[in-house]
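> Sequence plus predicted model, see below.
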Amino acid sequence: MTTDYLAIDAEKPIVGMVHLPPLPGAPKFSGAFEEVRETALRDAQRLEAGGVDALMLENFGDAPFYPDDVPKHVVASMTRIAADIREEVDLPMGINVLRNDAEAALSVAAAVEAAFVRVNVHVGARVTDQGIVEGEAHETIRLREQLDADAAILADLDVKHSAALADRPIDAEVVAESVERGLAEGIVVSGAGTGHEVGGDHLRAVASARDEAGLDAPVFVGSGVTAENAADILSVADGAIVGTALKEGGETTNPVSVERVETVLEAVERVR
């Protein structure tokens, strides 16, 4: 399954997470933006040194998250940091603005020429700790055209930290809603929460539904990939977004460990 449109020149690409500490305006902001910027640059550089194929920048520390419209200062902070990373690290970059601000993600991506964005709820609706979050594919795709942005859209299916409003089987129609009707370029499948492994049956069901629908859209795993399970997961998935497993001690909020990145990438090489 091709991932060329993501500007990632790798088979079974690994996207390393740059989890931002709390930004200005967030309840747990340290009061020192320069420390936030330096932390992001350090993690991005370590991810590159360890061998990941791309980066994803996310305002992970900004809890509690706005449902779908972050303040302008969040966009400004993320744009500044993304631009600095682009100057220092020669890897394709993605943007994810939590909880579900696709407009902000696309705006940052357009400003720094990022390769892709992740949208947690692109179509349909999910019950989350922010309430009911609804997809706005109709707005997101039109904004991308207006901005003349080249950023591809990776759309979550059953995104983590959420529940469906109604049970629906994973079939070709459900997967096609994101890609054919929502015009997303890729699908993300996650476990129940950050760092939680995706069930093998669920992953295979999504990949099979994609194939049944005849879609040329890669399936990325968005949580729970480790050195121990990477080969099994990537025997089915087309790529993975990895965060927690690449951190010191396997803790999401810790610095990236070059050694842990290298260990995961060694496992990935077995299926490339």
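Right, received. Where do you want to start?
> All the helices of this structure, residue numbers only.
33-50, 72-88, 102-112, 137-147, 172-176, 200-212, 230-234, 258-269 (DSSP state H).
> Report all helices and strands that the second one contacts.
Going back to what we said before, that points to helix 72-88. Helix 72-88 is packed against helix 33-50, strand 54-58, strand 93-96, helix 102-112, with contacts defined by 3 or more Cβ pairs under 8 Å, 6 or more residues apart in numbering; DSSP states H and E. Any C-beta I mention is one placed from the backbone N, CA and C, and that applies to glycine too.
> Ok, which of those comes nearest residue 250?
Among the helices and strands packed on helix 72-88, the nearest to residue 250 by Cβ to Cβ is helix 33-50 (14.7 Å).
> Report the rounded mean pLDDT for the closest one.
Averaged across helix 33-50, the pLDDT comes to 98.
> Show me the shaky parts of the stretch 51-200 of the chain.
Across the stretch 51-200 of the chain, the stretches falling below the confidence threshold (pLDDT under 70) are 193, 195.
> if we can go back for a sec, would you mind putting the helices and strands packed on helix 72-88 into TSV with mean neighbour count and distance to residue 260 alongside?
TSV is the format used below for the helices and strands packed on helix 72-88 (neighbours: other Cβ atoms under 10 Å; distance: least, Cβ to Cβ, whole Å):
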stretch	mean neighbour count	distance to residue 260
helix 33-50	18	8
strand 54-58	25	16
strand 93-96	28	20
helix 102-112	24	27
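> Dump these to a markdown table, plus distance to residue 9.
Converted to a markdown table, the helices and strands packed on helix 72-88 look like this (distance: least, Cβ to Cβ, whole Å):
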| stretch | distance to residue 9 |
| --- | --- |
| helix 33-50 | 14 |
| strand 54-58 | 10 |
| strand 93-96 | 14 |
| helix 102-112 | 19 |
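> Out of the ones you listed, the one nearest residue 78 is which?
Distances from residue 78 to each of the helices and strands packed on helix 72-88 were compared using Cβ to Cβ; the shortest belongs to helix 102-112, at 5.2 Å.
> which residues in the stretch 151-272 of the chain form strands?
Remark: strands of the stretch 151-272 of the chain, listed N- to C-terminal, are 152-157, 162-164, 186-189, 219-221, 239-242; assignment by DSSP state E, counting those that start in this stretch.
> Which one of the ones you listed lies nearest to residue 94?
Put simply, out of the strands of the stretch 151-272 of the chain the one that sits nearest residue 94 is strand 152-157, at 7.1 Å, with distance taken as Cβ to Cβ.
> The closest one: partners in the sheet, and parallel or antiparallel?
strand 116-119 (parallel), strand 186-189 (parallel) (DSSP bridges).
> and the residue lying closest to residue 28 once chain neighbours are set aside, how many neighbours?
Here the nearest residue to residue 28 in space, its sequence neighbours aside, is residue 22; by Cβ to Cβ, 6 or more residues apart in numbering that works out to 4.2 Å. Residue crowding around residue 22 was assessed by other Cβ atoms under 10 Å; the count is 17.
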